[in-house]
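Trainee: Based on what follows, work out the 3D shape:
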Amino acid sequence: MSHIDPVTTEIIRSALTSAANDMNATLIRSAYTPTIYEMKDCAVALLDENHRVLGQSSGVPIFLGNLQVVTQHTEERFGREVWKPGDVWILNDSYIAGTHLNDVTVYGPVFASDDELIGFAACRAHVRDLGSARPGLLSNSTEIYQEGLRLGATKLIEAGEPRTDVIEILTKNSRYPRLLHGDLFAMIACIREGQSTFDAVVQRHGLETFRAARDDFYAQTERIERAVLATMPDGVYEAEGVIDNDGVGDQPLRVHVRVEITDDRMEIDLSGSDDMTRGPVNCGRAQAVSAARVAYKLLVDPDGPLTGGAFRSLAVTVREGSLFAAQEPVPMSYYFTPLGILIDLVVKAMAEVLPERVAAGSYGDSMTVLFGGVNPRTGQKFSYSQPTVGGWGAWDGGDGQDAMINNTNGALRDLNIEIMESKFPIRVNKYRIRSDSGGAGQWRGGNGVEREFVFVGEEGYVNLWFDRSINPAWGLEGGTSAQPPEVVINPGTPTERRVLKVNSLPLQHGDIVNTRTGGGGGYGDPAKRSREALADDLREGFLTHEGARKAYGAAAESA
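Mentor: Presented below is the predicted three-dimensional model:
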């Protein structure tokens, strides 16, 4: 039992969160690629000496409480004595971290002034290329070896000095060595910032006070979560959905979740999901656990800070060899696709007993677009990729959010059109709300977007990954399902082609790629939607008159 006042506890907790935010700012401001400095495809955390979260910045939610996996793995492999002052490590192995190879984790120990290990600083960011068969994420890979260079726990900085041999291995395996070099050192700067600010917090308050405050806010987080769980009805709740296919075959893949509430505990069991598959839609155990934690936090404590006391009342069961615990050598480029539907299904499973805490289905998938080729302005190879926003589900009391990034990506942002067009041979013809794409209901599902690109290079290619066409966002309590995604190449021409997933589709100058993301599901009986809300939808363009008549019937005529 600690003996410090709650004000000091809150000061230390806030200082650690602030330190994590400072780390994130250092990474973003120092990075060389717009994936990090514009889109913010990254996450950072400070951990204690037992690998528990002290503070984590906003970022990609599926990295929630996940960065400690790499520090735990390193210690388990090499022993506690492996941690030395001045060292920084790197790891991107998909079967350890659970992500695709482009997500690189850089981390290092933090020592107090007397050389006592007090914790770790860690960051993860998406780098552009690590030597995959083609730049970016492959839609048709069948082995991890096609997806790039894979590193286990490796020292990047030793006793304060860069390991030029390791850095050279990395840059020589990238098509963009300068950009990779810059991003790596931005991540190293992020770790140095974390080590410095973490040590400053401990020096200011003293190690004993720091640890007492840490134990206090861990215990507080655990108490809050257990108290909420205790209000939930005990029982077993299940839901099931499908992924369209694995990008190589055409068979849907089943995702099944089983949620059991017992007293003040929750278990999320993913064992009923399909086996790992030949295409790149597999996921590592660590990321499956993280996605289950996202769903848990949405239902239990969405506003509370993430600390080492979180998730102590959550158990996650994952079957080895399944989609959610893939084993070598299956590919993992699109590991996030099953995670998005996993999160939605946990919420769906609990909808009947927690109506005040749930929302209808969201558009779910990242809906990624990747262009590559040669940039005629520079004569250099380029690749540009990003996810696309869509519609979120409505809830009891509110419409779903329009044009929002999906639940696996969180704080990740659109690459703005000005940056895109200035850096890459791409022009954007349209970027607008996709009217009528949200499900109907007393509360309307959010709309997806239409985004149309024109390729203005000489020759290039596009990779596409748009899922959830078979299993679009579902409605709840009488609300209807949303529209699924659509992609049309060169619409209205003799070469028009409709695709959702494709790898390295050739493009010529002037080719058009029109993308439309799905919406969110509706909530409640559509007949109960107010005329005022329908009138607003029509005025703002969320609904067309034709779409309103189909979805809402006579009520739309008088809106």
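Trainee: Quick check: mean pLDDT of the lengthiest helix in the chain?
Mentor: The longest helix of the chain (DSSP state H) is helix 177-205. The average pLDDT for helix 177-205 rounds to 96.
Trainee: Check which helices and strands it is in contact with.
Mentor: The contact analysis (3 or more C-beta pairs under 8 Å, 6 or more residues apart in numbering; DSSP states H and E) places helix 177-205 against helix 6-30, strand 42-48, strand 88-91, strand 103-111, strand 117-126, strand 154-158, helix 164-172, helix 207-230. (Each C-beta comes from the backbone N, C-alpha and C, glycine too.)
Trainee: Can you name the element that comes right after the shortest one?
Mentor: What it means is strand 88-91. Using DSSP states H and E, the helix or strand that follows strand 88-91 in sequence is helix 94-97.
Trainee: Give the rounded mean pLDDT of that following helix.
Mentor: Averaged over helix 94-97, pLDDT sits at 96.
Trainee: now swap in stretch 334-348 and tell me
Mentor: On average, stretch 334-348 scores 96.
Trainee: Next, the nearest residue to Leu130 once chain neighbours are set aside: phi, psi?
Mentor: Excluding the flanking residues, the one nearest Leu130 by C-beta to C-beta, 6 or more residues apart in numbering is Gly148, at 3.8 Å. Backbone dihedrals for Gly148, given as degrees, to the nearest 10, come out at phi 130, psi -180.
Trainee: same deal with Glu38?
Mentor: Dihedral angles (degrees, to the nearest 10) for Glu38: phi -100, psi -50.
Trainee: residue contacts, it?
Mentor: Arg413, Leu415, Asn416, Ile419 (C-beta atoms under 8 Å, 6 or more residues apart in numbering).
Trainee: Please enumerate the helices of this protein.
Mentor: 6-30, 34-37, 68-78, 94-97, 164-172, 177-205, 207-230, 285-300, 336-349, 417-423, 531-540, 545-552, 554-557.
Trainee: what's the closest of the ones you listed to Asn407?
Mentor: Of all the helices of the chain, helix 336-349 sits nearest to Asn407, with 5.2 Å by C-beta to C-beta.
Trainee: separation between Ser362 and Thr307?
Mentor: With distances taken as C-beta to C-beta, to the nearest Å, Ser362 is found 27 Å from Thr307.
Trainee: what does Ile4 give?
Mentor: Counting by C-beta to C-beta - Ile4 and Thr307 are separated by 16 Å.
Trainee: quick one: which of those two has more around it?
Mentor: Comparing Ile4 with Thr307 by other C-beta atoms under 10 Å, the one with more neighbours is Thr307, at 24 against 17.
Trainee: and that one, what is it in contact with?
Mentor: Arg13, Arg52, Val53, Leu54, Gly55, Phe217, Tyr218, Thr221.
Trainee: Could I get the pLDDT score of the residue lying closest to it once chain neighbours are set aside?
Mentor: Leaving aside its sequence neighbours, Thr307 sits nearest to Thr221 (C-beta to C-beta, 6+ apart; 4.7 Å). On pLDDT, Thr221 comes in at 95.
Trainee: Thr221: how many residues sit nearby?
Mentor: When neighbours are defined as other C-beta under 10 Å, Thr221 has 22 of them.
Trainee: give me every residue that touches it.
Mentor: Asp301, Gly304, Pro305, Thr307, Gly308, Gly309, Ala310.
Trainee: Ok, Thr197 next?
Mentor: Per C-beta under 8 Å, 6+ apart, neighbours of Thr197: Ser18, Ala19, Asp22, Met23.
Trainee: Out of those, which two sit at the greatest distance?
Mentor: Between any two of the contacts of Thr197, the greatest separation by C-beta to C-beta is 9.8 Å, found for Ser18 and Met23.
Trainee: Who has more neighbours out of those two?
Mentor: Shown here are Ser18 and Met23; by other C-beta under 10 Å, Met23 has more neighbours (32 against 14).
Trainee: Just list the residues touching that one, thanks.
Mentor: By C-beta under 8 Å, 6+ apart, the neighbours of Met23 are Val44, Leu46, Ser57, Ala121, Cys123, Cys190, Ile191, Glu193, Gly194, Thr197.
Trainee: next one: Pro506
Mentor: Pro506 touches Glu459, Gly460, Tyr461, counting by C-beta under 8 Å, 6+ apart.
Trainee: out of those residues, who's nearest Ser366?
Mentor: Tyr461 (19.2 Å).
Trainee: Filter the contacts of Thr221 down to the buried ones.
Mentor: Asp301, Pro305, Thr307, Gly308, Gly309, Ala310 (16 or more other C-beta atoms under 10 Å).
Trainee: Export the residues you listed as TSV, with columns for pLDDT.
Mentor: Listed next are the buried ones among the contacts of Thr221 as TSV, based on pLDDT from 0 to 100:
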residue	pLDDT
Asp301	93
Pro305	84
Thr307	92
Gly308	94
Gly309	95
Ala310	94
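Trainee: farthest pair in those?
Mentor: Longest distance between any two of the buried ones among the contacts of Thr221 is 14.2 Å, between Asp301 and Gly308; criterion C-beta to C-beta.
Trainee: about what we covered before: would you tell me which of the helices and strands packed on helix 177-205 gets closest to Arg539?
Mentor: helix 6-30 (37.6 Å).
Trainee: So for the closest one, what gets flagged as buried?
Mentor: 8-9, 12-13, 15-17, 19-24, 26-28, 30.
Trainee: Count residues in the vicinity of the nearest residue to Ser333 once chain neighbours are set aside, would you?
Mentor: In this structure, Ser333 finds its nearest non-sequential neighbour in Pro280, 3.8 Å apart by C-beta to C-beta, 6+ apart. The number of residues packed around Pro280, counting by other C-beta under 10 Å, is 28.
Trainee: Surely Pro280 and Glu147 touch.
Mentor: Yes: in this structure Pro280 lies within contact range of Glu147 using C-beta atoms under 8 Å: 7.2 Å.
Trainee: intersection of neighbour lists for those two?
Mentor: His100, Leu137, Leu138, Ser141, Pro331, Met332, Ser333.
Trainee: Columns neighbour count and distance to Gly340 on top of those, output as a markdown table?
Mentor: What follows is the shared contacts of Pro280 and Glu147, written out as a markdown table (neighbours: other C-beta atoms under 10 Å; distance: C-beta to C-beta, whole Å):
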| residue | neighbour count | distance to Gly340 |
| --- | --- | --- |
| His100 | 28 | 14 |
| Leu137 | 28 | 15 |
| Leu138 | 25 | 19 |
| Ser141 | 26 | 20 |
| Pro331 | 31 | 18 |
| Met332 | 26 | 15 |
| Ser333 | 31 | 15 |
